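> coords below, sequence missing:
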Ligand SMILES: Nc1nc2c([nH]c(=O)n2[C@H]2C[C@H](O)[C@@H](COP(=O)(O)OP(=O)(O)OP(=O)(O)O)O2)c(=O)[nH]1
């Protein structure tokens, strides 16, 4: 059974999206991804995302629309990622897990990107009719 993970792609008023780096102590520490985390027992994707973004970033999201789902096999686990777009929230962003966060546009300047996160950049590129490489290796 894969582990379900809720992930938020937050957009600001200029259409930039927020990327965060994985904190020390987690697998793939230092890799860039979108904020989120594993569902706890009984939670929906939206509930888990609301809790994770409150815990990690100190914000309260309005609602989240499920955008894409992806299944990925890592050596440490098989995960099913539920990516949601988020356009509205209340509260100021705070980095509560000593992670770094950067608002990005394509091509992104942060690196390295978590393997399971690369497809998101491709989906954004499709939507924005962006051609060329989305990130540096
Ligand atoms: N948050 C997030 N996780 C991702 C992305 N892409 C990707 O492959 N993953 C994977 C990495 C991890 O195996 C899993 C998320 O688990 P996690 O360890 O960050 O979750 P968590 O915050 O609940 O962690 P913990 O309670 O175990 O400390 O999903 C992404 O863009 N964002």
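Nice, I can see it. These numbers were taken from a predicted model, which means no experiment stands behind them. Residues are numbered from 1 along each chain as shown.
> list the residues that contact the residue positioned nearest the centre of the chain.
To find the centre residue of the chain, average its C-alpha atoms and take the closest one (C-alpha atoms, centre = their mean): that gives residue 34, at 1.8 Å. Remark: with contacts taken as C-beta atoms under 8 Å, 6 or more residues apart in numbering, residue 34 is in contact with 7-10, 17-20, 83, 117, 120. All C-beta spots, glycine's among them, are computed from the backbone N, C-alpha and C.
> go on, residue 121?
For residue 121, the contacting residues are 106, 108, 113, 134-135, by C-beta under 8 Å, 6+ apart.
> go again with 7 Å.
Listed by C-beta atoms under 7 Å, 6 or more residues apart in numbering, the contact partners of residue 121 are 106, 108, 134-135.
> can you pull out the helices in the protein?
Secondary structure of the chain, counting by DSSP state H: helices at 45-57, 118-127.
> in the first one, what counts as buried?
Under the neighbour-count criterion of 16 or more other C-beta atoms under 10 Å, helix 45-57 has 45-46, 48-50, 52-53, 56-57 buried.
> could you tell me how many residues sit around residue 14?
Neighbourhood size, residue 14 [other C-beta atoms under 10 Å]: 7.
> residue 26 is in contact with residue 99, correct?
No. Counting by C-beta atoms under 7 Å, no contact exists between residue 99 and residue 26, whose distance comes to 9.4 Å.
> now the strands for this structure?
In the chain, the strands defined using DSSP state E lie at 3-10, 17-21, 32-33, 36-38, 60-61, 65-73, 78-86, 89-90, 101-104.
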